[in-house]
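S.K.: sequence and computational prediction follow.
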Amino acid sequence: MKKSLKWLTMLVGVSILLMGLAACGNSSDNNGNSASSKFTSIEQLKKKGKIKIGVFADKPPFGYVDAEGKNQGFDVYIAKRFAKDLLGDESKVEFVLVDAASRVAYLESGKVDIIMANFTVTEERKEKVDFANPYMKLSFGIVSPDSAPITSIDQLKGNKQKLIVAKGTTAETYFTKEYPDIELLKFDQYTEIFAALKDGRGAAIANDNTELIAWAKSNPGFTVSIPAFGGQDTIAPAVAKGNKELLDWINTELDILGKEQFIHQAYKETLNEIYGEGYTDELVVEGGKIQ
């Protein structure tokens with residue numbers, strides 16, 4: 001009797017375990033997608049009537065929130081067109097605010113469908129996300145006070161002058177690898193790095209030269225003292241690793257937009273006032289192809 005009871009108990013336990021595993025295997029998220037699916041299909045996006053795109057809140061003129069609480073900027077302008085062409089209405093985009101360090105994680109967790117937060121293409125990031133074709137090109141730059149300009153990276157070596165960077169940026173990666181003897185002062189938000197430069201906690205900021213040129217023009221007393229170094233990089237939309245359907249759609253869309261010179265239009269509407277027409281060919285990538 002005791003032996004039979006023991007076997008019965010074991011069978012019940014195994015049954016409960018199997019049911020639990022089956023439930024896990026069939027679990028779904030709030031959108032009704034299988035847990036094995038890392039992203040939402042285009043058909044599902046159209047059914048929901050909404051696409052989530054990650055953008056910056058604090059990086060004008062590329063992605064920022066204006067005084068009325070509306071998302072604005074170069075990346076935002078292009079993202080709205082994506083939503084219009086995919087879902088029929090630019091208002092069907094839900095902008096999700098991200099910081100530099102969270103961009104990959106937001107794609108991996110499914111919090112966004114696309115990242116368009118001035119995302120620089122790197123080999124390291126390609127291992128975690130899939131980049132579409134580019135719509136912009138840029139280099140690194142350094143901004144510093146007019147009263148103590150940093151005109152050479154060598155000035156930052158071994159003399160206790162800190163270089164300010166934003167976490168999760170290519171500038172942080174570059175200096176960590178190429179200049180390990182330069183002390184980096186790191187912050188999560190772009191607003192923090194500029195505040196740190198203004199109050200003298202660091203000697204200079206290293207970041208994308210496009211961002212620094214725009215900031216220095218609106219902040220007297222600071223100059224982009226090293227306008228370009230580290231080679232040329234590109235900015236591109238990114239999707240979750242393996243989301244080939246959405247990736248192909250974006251690349252086709254960029255090709256279509258290129259034929260009407262839409263990225264040039266986006267530049268004119270959002271960047272021209274800051275950089276002027278002289279920077280158009282230096283920054284814009286039309287049709288996803290670098291000329």
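M.R.: On my side now, so go ahead.
S.K.: where does G158 land in three-state SS?
M.R.: Here G158 is coil, with the state taken from DSSP: H, G, I helix; E, B strand; the rest coil.
S.K.: spit out the contact partners of it.
M.R.: Counting by C-beta atoms under 8 Å, 6 or more residues apart in numbering, G158 makes contact with D181. Glycine gets a C-beta too; all of them are placed from N, C-alpha and C.
S.K.: per-residue pLDDT, it?
M.R.: G158 carries a pLDDT value of 78.
S.K.: again, but for K2
M.R.: 43.
S.K.: pLDDT weak spots in the stretch 1-150 of the chain?
M.R.: 1-38 (pLDDT under 70).
S.K.: now the helices for it?
M.R.: Using DSSP state H, counting those that start in this stretch, the helices of the stretch 1-150 of the chain run over 2-25, 42-48, 74-87, 103-108, 123-126.
S.K.: for the shortest one, packing partners?
M.R.: For helix 123-126, there is no helix or strand it packs on, judged by 3 or more C-beta pairs under 8 Å, 6 or more residues apart in numbering; DSSP states H and E.
S.K.: for it, buried residues please.
M.R.: For helix 123-126, the neighbour count (16 or more other C-beta atoms under 10 Å) marks R125 as buried.
S.K.: now do the fourth one
M.R.: Within helix 103-108, the residues that qualify as buried by neighbour count (16+ other C-beta under 10 Å) are R103, V104, Y106, L107.
S.K.: quick one, strands of the stretch 51-200 of the chain?
M.R.: Taking DSSP state E, counting those that start in this stretch as the test, the strands found in the stretch 51-200 of the chain are 51-56, 58-59, 63-65, 71-72, 93-98, 114-115, 129-131, 136-145, 163-166, 184-187.
S.K.: sorry, back to before: now the buried residues of helix 103-108 as CSV including distance to V285?
M.R.: Listed next are the buried residues of helix 103-108 as CSV, based on distance: C-beta to C-beta, whole Å:
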residue, distance to V285
R103, 19
V104, 22
Y106, 24
L107, 21
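S.K.: and which of those is nearest E286?
M.R.: Closest approach to E286 among these (C-beta to C-beta): R103, at 24.0 Å.
S.K.: would you agree that closest one is in contact with V239?
M.R.: No: in this structure, R103 is not within contact of V239 by C-beta atoms under 8 Å, at 11.7 Å.
S.K.: need the residues touching each of these two.
M.R.: Contacts common to R103 and V239, judged by C-beta under 8 Å, 6+ apart, are I115.
S.K.: need the distance between the two termini of stretch 144-164.
M.R.: Length of stretch 144-164, first residue to last, C-alpha to C-alpha, to the nearest Å: 10 Å.
S.K.: need the strands of the stretch 51-200 of the chain in CSV (columns: mean neighbour count and distance to D248).
M.R.: Below are those laid out as CSV (neighbours: other C-beta atoms under 10 Å; distance: least, C-beta to C-beta, whole Å):
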stretch, mean neighbour count, distance to D248
strand 51-56, 24, 15
strand 58-59, 21, 28
strand 63-65, 21, 25
strand 71-72, 18, 26
strand 93-98, 20, 19
strand 114-115, 27, 13
strand 129-131, 20, 10
strand 136-145, 23, 20
strand 163-166, 26, 31
strand 184-187, 18, 36
